[in-house]
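1. Show me the folded form of this:
(one chain, ligands or ions: 1)
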Amino acid sequence: MVEKILPDLYKIEVPLPGNPLKAINSYIIKDSERSLVIDTGMNRPECSNVLLPGLEELGIDLKKTDFFITHLHADHLGLVSSLATESSRVYFNQPDATFIQPGNNWDMSSDFAVVNGFPEDEARRAIENHPGRKYSSKKQVEFHILRHGDTIGINDYTFQCVATPGHTRGHMCLYEPDKKILFSGDHILIDITPNISSWSYEEDPLNEYLGSLNAINDLDIEMVLPGHRSIFHDCKQRVEELKHHHQARANEVLAILGKVNQNAYQVASQMTWDIDYKSWEKFPPQQKWFAFGEAVAHLKYLLEEGKVQQQAQGQGMVFSPAN
Ligand SMILES: [Zn+2]
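-> As a prediction, the model looks like this:
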């Protein structure tokens, strides 16, 4: 289960049962003074039952361990509250910390989805089963906030924080310029495309994401250690593929819009999804929820580019190609 990557740097693959991502990679930098764990897994026994014995095998003392969490999603952050001890620092970013504060509730996302065509009962079921709701930290964690450019030194490594908004508002990578390695969280993955989604038209996460891909492209990287799936080496090529993917997706959305006014839910139902269900109707509400969020992100991007227009229709919101 524990895999050595570089001197004092290890990876533990933590399973995510029933999740298409299959597993999350937790990385450990071991040091006699203080060790660092990057991302943790969900707050569920299937994750702790693998991560804890792995840490023990490495001789990690949690009283002498800090944590760096790349972003707010439950598969990265969920387990940290049960791992962190009183002396642990939990490094995190401000935008995601603000987002998960109590009060930023699911009702807002649900109202937005319904206005944009999502059937109300499906929205309710999607939220009930959302991993972010089921497997997040139940305890409030005190974060030590890091900003772009801040550094963390452990053992022979000096990591620089690189703000990479897009997948979430505050997503942060860690870069080691001497070793030329990047802990990419969910910003760049190899055989899956990171989900870029939105539940409001106030932000433009796809535009931010493309900007964050460019920021990474400027770095000298020999090895990418992502949050899911395999470690890989050709970062520049992957950046190009991801940019191309989103351009193709945006074009697909434009083609779907054709001449008829459509809401975001209707657009999502016609996009192609790499998923094992025969038709949109067969998608579980949870998968429709993620698909819908991606459709909104692409619509917003096209809106900002001046390629589509938006108008109120009845209680809802519809889109059409710009004239
Ligand atoms: Zn994520």
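2. what's the burial count for the residue in the stretch 101-250 of the chain that the ion sits nearest to?
-> Taking CB to the ion, the ion has its nearest neighbour within the stretch 101-250 of the chain at residue 186, 3.8 Å off. C-beta here means a position set from N, CA and C on the backbone, and glycine is covered the same way. Neighbour count for residue 186, taken as other CB atoms under 10 Å: 26.
3. what residues are up against the closest residue to the ion within the stretch 1-150 of the chain?
-> Of all residues in the stretch 1-150 of the chain, residue 73 sits closest to the ion, at 3.5 Å by CB to the ion. Residues in contact with residue 73 (CB atoms under 8 Å, 6 or more residues apart in numbering) are 132, 168, 186.
4. Helix, strand or coil: sort out residue 169 for me.
-> Of the three states, residue 169 takes coil under DSSP: H, G, I helix; E, B strand; the rest coil.
5. Is it in contact with residue 200, as I believe?
-> No - the criterion here is CB atoms under 8 Å, and residue 169 misses it with residue 200 at 11.0 Å.
6. which of those two has more neighbours?
-> Using other CB under 10 Å as the criterion, residue 169 and residue 200 rank with residue 169 on top: 18 against 11.
7. Would you state the strands of the stretch 51-200 of the chain in chain order?
-> Counting by DSSP state E, counting those that start in this stretch, residue ranges of the strands within the stretch 51-200 of the chain are 65-68, 90-92, 144-145, 151-154, 157-163, 172-176, 181-185.
8. so of those strands, which one's packed in deepest?
-> strand 181-185 (a mean of 26; mean count of other CB atoms under 10 Å).
9. Check which helices and strands whichever helix or strand comes after that one sits against.
-> Using DSSP states H and E, the next helix or strand after strand 181-185 towards the C-terminus is helix 205-217. Counting contacts by 3 or more CB pairs under 8 Å, 6 or more residues apart in numbering; DSSP states H and E, helix 205-217 is packed against strand 157-163, helix 235-257, helix 285-304.
10. now the angle between helix 235-257 and helix 205-217, please.
-> 160 degrees (axes from the mean of the first three to the mean of the last three CA atoms, to 10 degrees).
11. Check which residues of helix 205-217 are buried.
-> Buried residues in helix 205-217, counted by 16 or more other CB atoms under 10 Å: 205, 206, 207, 208, 209, 210, 212, 213, 215, 216.
12. I would like the residues contacting it, please.
-> 162-167, 169, 171, 173, 182, 184, 187-188, 194, 196-198, 235-236, 239, 242-243, 246, 250, 297-298, 300-301, 304.
13. which parts of the chain sit against the ion?
-> Residues of the chain found near the ion (CB under 5 Å from the ion) are 73, 186.
14. Confidence-wise, which helix or strand of the chain is lowest on average?
-> helix 131-134 (a mean of 80; mean pLDDT, DSSP states H and E).
15. which one is residue 27 nearest to, not counting chain neighbours?
-> What sits nearest to residue 27 in space, not counting adjacent residues and going by CB to CB, 6 or more residues apart in numbering, is residue 38, at 4.2 Å.
16. can you pull the contacts of the one you found?
-> Under the criterion of CB under 8 Å, 6+ apart, the neighbours of residue 38 are 26, 27, 28, 29, 67, 68, 69, 70, 174, 183.
17. ok, 6 Å please
-> Applying CB atoms under 6 Å, 6 or more residues apart in numbering to residue 38 gives the contacts 27, 68, 183.
18. which outside residues touch the strand or helix carrying residue 310?
-> Using DSSP H and E, residue 310 maps to strand 308-313. Residues outside strand 308-313 that contact it (CB under 6 Å, 6+ apart) are 302, 303, 319, 320, 321, 322.
19. By neighbour count, which bits of that strand are buried? Give me those.
-> If you call a residue buried by 16+ other CB under 10 Å, then strand 308-313 has these buried ones: 308, 310.
20. Show me which residues of stretch 98-107 are buried.
-> The neighbour-count check on stretch 98-107 (16+ other CB under 10 Å) flags 100, 106 as buried.
21. Am I right that residue 50 is in a strand?
-> No - counting by three-state DSSP, residue 50 falls outside a strand, being helix.
22. ok, now how distant is it from residue 194?
-> According to CB to CB, to the nearest Å, residue 50 stands 23 Å off from residue 194.
23. and the two? which has more neighbours close in?
-> Applying other CB under 10 Å to residue 50 and residue 194 shows that residue 194 carries more neighbours, namely 21 against 18.
24. Could you pull up the residues touching that one?
-> Listed by CB under 6 Å, 6+ apart, the contact partners of residue 194 are 167, 186.
25. can you pull the pLDDT of it?
-> Listed pLDDT for residue 194 reads 95.
26. And for residue 230?
-> So, for residue 230, pLDDT stands at 97.
27. Sticking with it, tell me its helix or strand.
-> Assigned by DSSP H and E, residue 230 falls outside every helix and strand.
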